[in-house]
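>>> Just need the structure, nothing else, for what follows:
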Amino acid sequence: MSKAHRGKGLKELPSHGRGACPVCKRTGVKLLYDYEQDGAKVKICKICKATFENKKG
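This next block holds a predicted model:
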């Protein structure tokens, strides 16, 4: 099983993939998932991704 959101791939990202989520405003979380917000692609945290996925269904 792929582990794309941890390990070596994160070392290449700025701040090792960590920052402030633009949706929930949490700081110091991994921003790994692409999301389109107001026509622009932004990176969001795992919890916000799950929230949006659950709202779709």
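>>> Please make it C-alpha for all contacts and neighbour counts, starting now.
OK.
>>> Mean confidence (pLDDT) on stretch 45-57, please.
Along stretch 45-57, the predicted confidence averages to a pLDDT of 91.
>>> and if you look at stretch 11-30?
With pLDDT averaged residue by residue, stretch 11-30 scores 93.
>>> burial count for residue 6?
The local packing of residue 6 (other CA atoms under 10 Å) involves 13 other residues.
>>> Restrict stretch 8-16 to CA atoms and write it as CSV.
What follows is stretch 8-16, C-alpha atoms only, in CSV (Å, rounded to 0.1, in the frame of the first residue of the first chain):
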residue,chain,number,x,y,z
LYS,A,8,10.6,10.9,1.9
GLY,A,9,8.0,12.7,-0.2
LEU,A,10,7.3,15.2,2.5
LYS,A,11,11.0,16.2,2.8
GLU,A,12,10.9,17.8,-0.6
LEU,A,13,7.9,20.1,0.3
PRO,A,14,8.5,23.5,1.9
SER,A,15,8.4,23.2,5.7
HIS,A,16,8.1,19.4,5.2
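>>> from now on call the first residue 18
Yep, numbering from 18; the last one is stretch 25-33 now.
>>> Now find how far off-centre it is within its chain.
Per CA atoms, centre = their mean, to the nearest Å, the displacement of stretch 25-33 from the mean C-alpha position of its chain is 13 Å.
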